[in-house]
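**Q** please work out how this folds:
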Amino acid sequence: MSSTVLDVPTLETLIAASVAAPSIHNTQPWRFRLDPDTATLEIRAVAERGLRHTDPSGRALHISVGCALFNLRVAVAHCGWEPVTRRLPRPGEPELLATVRLAGTPRFPAAPELYDALWRRHSSRFPFADRPVPASVLTELTEAAHTEGAVLDLPGPTRTDRLLRLTREAEQRNTADTGRAVESRRWVHPPNAASLGMPPEAIGPQDSREQIPVRDFGAHRHPTALAARPFEKRPSIAVLSTLHDRRTDWLRAGEALERVLLVATSHGVKASLLHQALEWPDLRDQLTDG
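**A** Model prediction:
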């Protein structure tokens, strides 16, 4: 049995580790509840933080919660418990997305590098260096996704160009769509007590080469008004996927994504998320073609 006591400071650490996860538009669409009788933490979806226009199916919400779930698993193991995880445990409670019970000693050693990385991981929307990611790190990233039941594909130049083209088209649609544009702008604001949304200084510039379609959270109608800088000429793109497209797969995709991001962070590699093409069904289908 673990010698760690689930006191208030420990519980606060577990929750803080979970909410350090990335979420679409930094909506943080999760709520935690502790069942003290079973030492189980519940993670529930917060429907009012969902993106009705951008994410009507809730796929991105589930992926976001999956990222938080993975951080919680890492933190629970770091504190000396086995994180016994159940996804979608009660069909009659669709908002209950996962539970993590704090059981005895972990079956596998805790990964200190992942726990340290979760406090340092931040998405970057600024230009990256043109240096390629070392092959050994890319191998670790693909293994990290596989550990969580997902696949991390590293496309070659031709497919990378195609993925970027589809993402650019999706970004143009997002900016032109009134509902999505208003929804996106609503989440850009200075920090508040809840730390939700995107602070303006974190948005970053657009690519002056017009190659990498960084999301314009302000959804400007006039791109010429946006700050621009040259981004890398040949970006390193990775595509994470699951075999099926069910709610449990969305959660697992989030867990795999966060493990990949934490492994990257542990190696000093920054990442940016290009999600726009997944938000349009026809473009999403094209992502999987070929």
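
**Q** what's around the residue nearest to residue 134 when sequence neighbours are not counted, how many residues?
**A** Once flanking residues are discounted, residue 134 sits nearest to residue 267: 7.9 Å by Cβ to Cβ, 6 or more residues apart in numbering. To be clear about C-beta, it is placed using only N, CA and C from the backbone, and glycine gets the same treatment. Neighbourhood size, residue 267 [other Cβ atoms under 10 Å]: 14.

**Q** who's in contact with residue 267?
**A** By Cβ atoms under 8 Å, 6 or more residues apart in numbering, residue 267 lies in contact with 134, 137, 140.

**Q** ranges for the helices of the chain?
**A** According to DSSP state H, the chain carries its helices in the segments 8-19, 59-78, 112-120, 135-147, 157-176, 178-186, 247-266, 281-287.

**Q** which of these sits most buried?
**A** Among the helices of the chain, ranked by average contacts under mean count of other Cβ atoms under 10 Å, first place goes to helix 59-78 (a mean of 26).

**Q** ok, now how distant is residue 76 from residue 283?
**A** Using Cβ to Cβ, to the nearest Å, residue 76 is found at 37 Å from residue 283.

**Q** so residue 211 touches residue 165, yeah?
**A** No. If you go by Cβ atoms under 8 Å, residue 211 and residue 165 don't touch, sitting 9.9 Å apart.

**Q** list residues touching both of the two?
**A** Between them, residue 211 and residue 165 share no contacting residue, judged by Cβ under 8 Å, 6+ apart.

**Q** excluding chain neighbours, what is closest to residue 207?
**A** residue 231 (4.1 Å).

**Q** what's the answer for residue 90, then?
**A** Among residues not flanking residue 90 along the chain, residue 96 sits closest, at 5.5 Å (Cβ to Cβ, 6+ apart).

**Q** which residues sit in contact with that neighbour?
**A** 42, 43, 44, 88, 89, 90.

**Q** what sits closest to residue 151 if chain neighbours are left out?
**A** With Cβ to Cβ, 6+ apart, the residue lying closest to residue 151 is residue 241, at 5.3 Å.

**Q** wait, doesn't that neighbour sit right on residue 155?
**A** No. Here residue 241 lies out of contact with residue 155, judged by Cβ under 8 Å, at a distance of 11.6 Å.

**Q** what's the burial count for the residue nearest to residue 151?
**A** 15.

**Q** what about it, distance to residue 91?
**A** 25 Å.

**Q** OK, contacts around residue 161?
**A** Neighbouring residues of residue 161 by Cβ under 8 Å, 6+ apart: there are none.

**Q** and it, how far from residue 211?
**A** 9 Å.

**Q** what's stretch 78-85 in contact with?
**A** With Cβ under 8 Å, 6+ apart as the criterion, stretch 78-85 contacts 2-4, 10, 13-14, 69, 72-73, 76-77, 98-107, 110, 112, 115.

**Q** in that stretch, which residues are buried?
**A** Within stretch 78-85, the residues that count as buried by 16 or more other Cβ atoms under 10 Å are 78, 79, 80, 81, 82, 83, 85.

**Q** send the alpha carbons of that stretch over as PDB?
**A** The C-alpha coordinates for stretch 78-85 follow below in PDB (Å, rounded to 0.1, in the frame of the first residue of the first chain):
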ATOM      1  CA  HIS A  78       4.200  10.000  -8.800                       C
ATOM      2  CA  CYS A  79       2.500  10.300  -5.400                       C
ATOM      3  CA  GLY A  80       2.800   6.600  -4.900                       C
ATOM      4  CA  TRP A  81      -0.600   5.100  -5.900                       C
ATOM      5  CA  GLU A  82      -1.700   2.900  -8.800                       C
ATOM      6  CA  PRO A  83      -4.000   5.000 -11.000                       C
ATOM      7  CA  VAL A  84      -6.800   2.500 -11.800                       C
ATOM      8  CA  THR A  85      -8.600   4.200 -14.700                       C
END
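
**Q** please state the offset of that stretch from the chain centre?
**A** Stretch 78-85 sits 22 Å away from the centroid of its parent chain (Cα atoms, centre = their mean, to the nearest Å).

**Q** equivalent analysis for stretch 84-98, please.
**A** In this view, stretch 84-98 has its centroid 20 Å away from the chain centroid, taken as Cα atoms, centre = their mean.

**Q** just stretch 147-164 next, same as before
**A** How far stretch 147-164 lies from its chain's middle: 16 Å, per Cα atoms, centre = their mean.
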